[in-house]
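Visitor: give me coordinates for this.
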Amino acid sequence: MNKLFGTDGIRGRANQYPMTVDIAQALGISVSKILTTKKNVRHQVVIGKDTRTSGNMFEAALASGLCAGGFDAIHIGILPTPAVAFVTQLLNADAGFMISASHNPSEDNGIKIFSSNGYKLSDQLESEIESYVLAKSWKDDTLGDYGNIFYFADAPQQYINFVKQSVTGSWNKQLSLVVDCANGAASTVARPIFESLSNSVTMIHEYAEGKSINKNCGAMDTRSLQDTVLKTKADIGIAFDGDADRLVLCDSLGNILNGDHVLAICGRYLLQNNNLPQKTIVATQYSNMGLDDSIRQCGGNVIRVLNGDRYVIEKMRDKNLILGGEASGHLIFQNYSTTGDGLIAALQVLNVMNHTGKTLAQLKECITLYPQVIKNVSVREKKELETMPSVIKLINTVNDDLGTNGRTLIRYSGTENKIRIMIEGKDPQQITNYADQIAQEIQTQIGV
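Guide: Okay, here's the model as predicted:
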């Protein structure tokens, strides 16, 4: 049977494997058997969700599984993914479930799990839970006391207060904002947060309506954000994805800023104020080389890790660092949050604008992104690249030609029979040609 967990929890089309109510219920029971971190106390798990209609059935299934295993289920309703991590810590719960497929379309759903300390589970612990579910071990267990279901009605306000506390001091409320909630989880909390910081806030796609989540809006489609920023002459546009753990920005000229821009702006600001531990930030393999150049110009350093915000966080914790993220917009400010939080990230950028007096367009100039080409090739098998001498020879030739002015990153998709070819360099035509050559050779060797 197929694996359950991917790079960020379990995800798929609702009512199709692995996103079925049977799996969700088994997951609840399995977690109750494995995550018994506290002794001689009542065990409880927090459950949050985004706006997708299918979230209700998964919420019920998870709660029934937890209660069958003797755990209490604490429902917090529609809230961002980072709110689940926060409330799990706040209540000293054993774990937290977030029911969301993040930036995926409304037909999909997913389940992310946070440990008692608010961090995502390790690969090892996920593997243990997965094995327990798939082996159906929970069916043979003698289940203990029955759990109860509770509702934590104060969770939204607690999270709103938590986010607002990430910025302090005097504030320029004259900055005008456009905020796009992607008809997702941010819809329940964004307005009071941003209206406390600005006298001019225009909210768009603010409906907690599951069928419209991420559809032509939010971080995945910024056209309406850009149009509204230009129409209202706003200072900044702010867009979240469906579960609000991802942030994309728009400056007053309608230009889009991704996670690399935010890392450069905030990293340099922290460096210039001697507030960046070890003068180091963490990014993934997919962050642009321009980020390294930008941070290096201020005497800093960028550590690279595998793709996935969980690996960013693991490295940050290992090295005691406070800033990291992905180009996609997952940004972790570890002084404030244990996971990617789009709302906190947005406030940190507003904080830089507030204290420097610079516009977002001016701040954006601190980083120059290298041109980047990405090509996907469908393959019939995921053959090790090292076993294809002609492909390796071509990749090595390209790397030699690029030298320090570019790089290649070639890896198989974790979910599809595809290989992704990414090439970065200063000459767009050159890297396009290189990507075409490598794609053609891979197509010849293992293409469909």
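
Visitor: now the strands: where do they sit in the stretch 51-200 of the chain?
Guide: Ranges of strands in the stretch 51-200 of the chain, per DSSP state E, counting those that start in this stretch, are 72-78, 95-99, 108-115, 149-151, 176-180, 200-204.

Visitor: mind putting those strands into CSV with mean pLDDT and mean neighbour count?
Guide: For glycine as for every other residue, the C-beta is placed from the backbone atoms N, C-alpha and C. Output for the strands of the stretch 51-200 of the chain, formatted as CSV (pLDDT from 0 to 100; neighbours: other C-beta atoms under 10 Å):
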stretch, mean pLDDT, mean neighbour count
strand 72-78, 98, 22
strand 95-99, 97, 28
strand 108-115, 96, 24
strand 149-151, 98, 13
strand 176-180, 98, 24
strand 200-204, 98, 18
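
Visitor: CSV please, covering these and showing distance to T168.
Guide: Formatted as CSV, the strands of the stretch 51-200 of the chain follow (distance: least, C-beta to C-beta, whole Å):
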stretch, distance to T168
strand 72-78, 26
strand 95-99, 27
strand 108-115, 26
strand 149-151, 32
strand 176-180, 19
strand 200-204, 20
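
Visitor: list just the one of those that sits closest to E326.
Guide: Ranking the strands of the stretch 51-200 of the chain by proximity to E326 (C-beta to C-beta) places strand 108-115 first, at 15.6 Å.

Visitor: CA atoms only for that closest one, dumped as CSV, please.
Guide: Taking C-alpha atoms only, strand 108-115 is exported to CSV below (Å, rounded to 0.1, in the frame of the first residue of the first chain):
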residue,chain,number,x,y,z
ASP,A,108,-8.1,18.2,-1.9
ASN,A,109,-7.5,18.0,1.8
GLY,A,110,-4.7,17.0,4.1
ILE,A,111,-3.6,16.4,7.7
LYS,A,112,-0.6,17.9,9.3
ILE,A,113,0.5,16.9,12.8
PHE,A,114,2.3,19.0,15.4
SER,A,115,4.1,17.7,18.5
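
Visitor: helices or strands up against that strand?
Guide: strand 9-13, helix 21-34, helix 55-68, helix 81-90, strand 95-99, helix 123-134 (3 or more C-beta pairs under 8 Å, 6 or more residues apart in numbering; DSSP states H and E).

Visitor: buried residues in the third one?
Guide: Taking 16 or more other C-beta atoms under 10 Å as the neighbour-count basis, helix 55-68 is seen to contain the buried residues 55, 57-68.

Visitor: ditto for the second one
Guide: Along helix 21-34, these residues count as buried under the neighbour rule (16+ other C-beta under 10 Å): 21, 23-34.

Visitor: how many neighbours does H355 have?
Guide: 15 (other C-beta atoms under 10 Å).

Visitor: taking the buried residues of helix 55-68, tell me the two that lie furthest apart.
Guide: Top of the distance list for the buried residues of helix 55-68 (C-beta to C-beta): G55 and A68, 20.3 Å.

Visitor: tell me which of the strands of the stretch 51-200 of the chain sits nearest to Q16.
Guide: strand 108-115 (9.4 Å).

Visitor: so what's the gap between the closest one and the chain middle?
Guide: 12 Å (C-alpha atoms, centre = their mean, to the nearest Å).

Visitor: need the contact partners of that strand.
Guide: 8-14, 19, 24, 27, 31, 35, 37, 52, 54-55, 58, 62, 81, 84-85, 88, 95-102, 104, 120-121, 125-126, 129, 338-339 (C-beta atoms under 8 Å, 6 or more residues apart in numbering).

Visitor: can we see that at 7 Å?
Guide: Contacts to strand 108-115, defined as C-beta atoms under 7 Å, 6 or more residues apart in numbering, come from residues 8-14, 19, 24, 27, 52, 54-55, 58, 81, 84-85, 88, 95-102, 120-121.

Visitor: also stretch 338-354?
Guide: 80-82, 85, 117-120, 163, 166-167, 171-172, 175, 186, 190, 193, 197, 238, 240, 244-247, 249, 262, 265-266, 269, 309, 313, 325, 330-333, 336-337, 360, 363.

Visitor: minimum distance to L369: which of the strands of the stretch 51-200 of the chain has it?
Guide: strand 176-180 (22.5 Å).

Visitor: give me the most central residue, the chain.
Guide: In the chain, the residue lying closest to the centroid (C-alpha atoms, centre = their mean) is H330, at 4.0 Å.
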